[in-house]
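Q: got a sequence here, can you build the structure:
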Amino acid sequence: MLFSQDGRRAGLINAACLESDLSERARKVIHSGKPELVSYDTTSPDDIVFGLGLGCNGTVEILMEPGQCTATVKKIAVLKEILTGNVPLVLATVVAAEGVQGIRVGDFVASSSQKMLDGTMTDGPLRATMESDCRSMRDVLFCQKSYKAGTTEVRVSFEILHPPQPLVIVGAGPDAIPLVESAKSLGWNVTVVDHRPAFATKETVPGADAVVLSEPERMSEQVKVSRRTVAVIMTHNFDKDRKLLKMLLPSEARYVGLLGPKSKLQTLLQNLEKEGFKPTKEQLAKLHAPIGLDIGAETPEEIAFSIISEIKAVLEGRSGGFLKERNGPIH
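A: Next up is the predicted model:
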């Protein structure tokens, strides 16, 4: 979240529970030019009466960094690189280093799987250890580690930062527009593909990051499909859908969704088998047809919401059920 000196805000941390207090603290951090680690403890019942009154029964630590300091400027450059690249990055930031000479709160190193990108950590041995730990980060999105520095400890937070989620929508009909808008509201990178010149234009789907004119069998030549890609087929054309399934199911795409009823899918699979293409069990596992969560969606906007919700559930390894029936933490 960003706070400006004149009180403006961008982003959200905790659904407005902490923001008012943080806004006051932000002014002090901007004035001092020094990072500050802020802690909120709402585990005590007394917090509801004497504290912020969140009633959340948890603890929160927030690192507030002034925008004018060198570490923040370099960190913003790293974040820009994430937006333009297609490779996840690991950011390791010092959040506690009281009394440790030469190491400051806010110092960081940033790494992709291929190389170190940037950083402000000057302590050689600690930087080397942090860089090594960055490279070892895999599926855990966030963790903290403590390192010995003389007689004290330095606490470092590690987080994996992913580029915008790539979504490929094949079909630029009117029902694609709310799907594009829903995906863009989440910050995803959206490519729309259509074989019709009149539909494959930025004027037809103005919210898309890219619009590609292509026949299904040639789409792979113009659209990069990686292990992070999710794809939605909504051409409303049986023959096009058949060719797209034949191309997308063997691809690296993590998710393939197809608009239409189960009967349509069965016929498509039967036709593909007659052509000599029988999807594997793994390929069928990533195929979602009919597409979307069962929320009773009828309108294009509701269907788009259903589709995006299902994709998000798949990406996070969730079932898409009711949170009240979930055993365990919701975050």
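
Q: check contacts around residue 161.
A: 79, 82, 88-91 (CB atoms under 8 Å, 6 or more residues apart in numbering). In short, each C-beta sits where N, CA and C put it, glycine included.

Q: what's the closest non-adjacent residue to it?
A: Distance criterion CB to CB, 6 or more residues apart in numbering; nearest residue to residue 161, sequence neighbours excluded, is residue 89 at 5.0 Å.

Q: from residue 167, how far off is that neighbour?
A: To residue 167, residue 89 is 20 Å away according to CB to CB, to the nearest Å.

Q: centre of the chain to the edge, which residue is at the far end?
A: Ranked by distance from the centre of the chain (CA atoms, centre = their mean), the top residue is residue 274, with 39.1 Å.

Q: so where's the protein uncertain?
A: Judged by pLDDT under 70, the chain has its weakly predicted residues at 15-17, 44-57, 113-116, 331.

Q: domains in the chain, by residue range?
A: Domain segmentation of the chain under automatic domain parsing yields 2-64, 70-161, 166-315.

Q: between the contacts of residue 161, which is nearest residue 204?
A: Among those, residue 82 lies closest to residue 204 (CB to CB), at 29.2 Å.

Q: the closest one in helix, strand or coil?
A: helix (DSSP: H, G, I helix; E, B strand; the rest coil).

Q: sheet-wise, list the partners of the strand ranked longest in the chain with their directions.
A: Longest strand in the chain by number of residues, with DSSP state E as the criterion: strand 152-161. According to DSSP bridges, strand 152-161 forms sheet pairs with strand 89-96 (antiparallel), strand 142-149 (antiparallel).

Q: what's the first helix or strand after that strand?
A: As assigned by DSSP states H and E, the chain's next helix or strand after strand 152-161 is strand 166-170.

Q: name the helices or strands packed onto that following strand?
A: helix 176-185, strand 189-194, strand 230-233 (3 or more CB pairs under 8 Å, 6 or more residues apart in numbering; DSSP states H and E).

Q: how far off strand 189-194 does that strand point, in degrees?
A: Interaxial angle, strand 166-170 versus strand 189-194 (axes from the mean of the first three to the mean of the last three CA atoms, to 10 degrees): 20 degrees.

Q: tell me if I'm right that residue 311 and residue 230 touch.
A: Yes. With contact defined as CB atoms under 8 Å, residue 311 counts as touching residue 230 (5.2 Å).

Q: returning to what we had before: buried ones from the contacts of residue 161, can you make that a ChimeraX selection?
A: Selection of buried members from those for ChimeraX, criterion 16 or more other CB atoms under 10 Å:
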select :82,89,90,91
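
Q: what are the contacting residues of stretch 193-208?
A: For stretch 193-208, the external contacting residues (CB under 8 Å, 6+ apart) are 168-173, 176-177, 180-181, 184, 190-192, 211-216, 219, 222-223, 235, 240.

Q: let me redo that: stretch 225-239
A: Under the contact criterion CB under 8 Å, 6+ apart, stretch 225-239 has outside partners 86, 162-163, 165-171, 173, 175-176, 179, 194-195, 216, 241, 244-245, 248, 251-259, 264, 267-268, 291, 307, 311, 314-315.

Q: quick revisit: next, show the common contact partners of residue 311 and residue 230.
A: What both residue 311 and residue 230 touch, as defined by CB under 8 Å, 6+ apart, is the set 167, 255, 257.

Q: relative to residue 86, how far out is the first one?
A: The span separating residue 167 from residue 86 equals 13 Å under the rule CB to CB.

Q: do the same with the last one
A: When distance is defined by CB to CB, residue 257 is 21 Å away from residue 86.

Q: neighbour count: these two, which is higher?
A: Ranked by neighbour count (other CB atoms under 10 Å), residue 257 and residue 86 place residue 257 first, with 22 against 14.

Q: whatever helix or strand that one lives in: what's the following helix or strand?
A: Secondary structure from DSSP H and E places residue 257 in strand 255-258. Later in the chain than strand 255-258, the nearest helix or strand by DSSP H and E is helix 262-274.

Q: packing partners for that next one?
A: Going by 3+ CB pairs under 8 Å, 6+ apart, helix 262-274 lies up against helix 238-248, strand 255-258.

Q: what residues sit buried inside the shortest one?
A: Pointing back at strand 255-258 there. Quick answer for strand 255-258 (16+ other CB under 10 Å): 255-258.

Q: turn those into TSV, including distance to residue 103.
A: Shown next, in TSV, are the buried residues of strand 255-258 (distance: CB to CB, whole Å):
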residue	distance to residue 103
255	42
256	47
257	48
258	53
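
Q: and the residues you listed, which is closest to residue 130?
A: Checking the buried residues of strand 255-258 against residue 130 with CB to CB, the nearest one is residue 255 at 33.7 Å.
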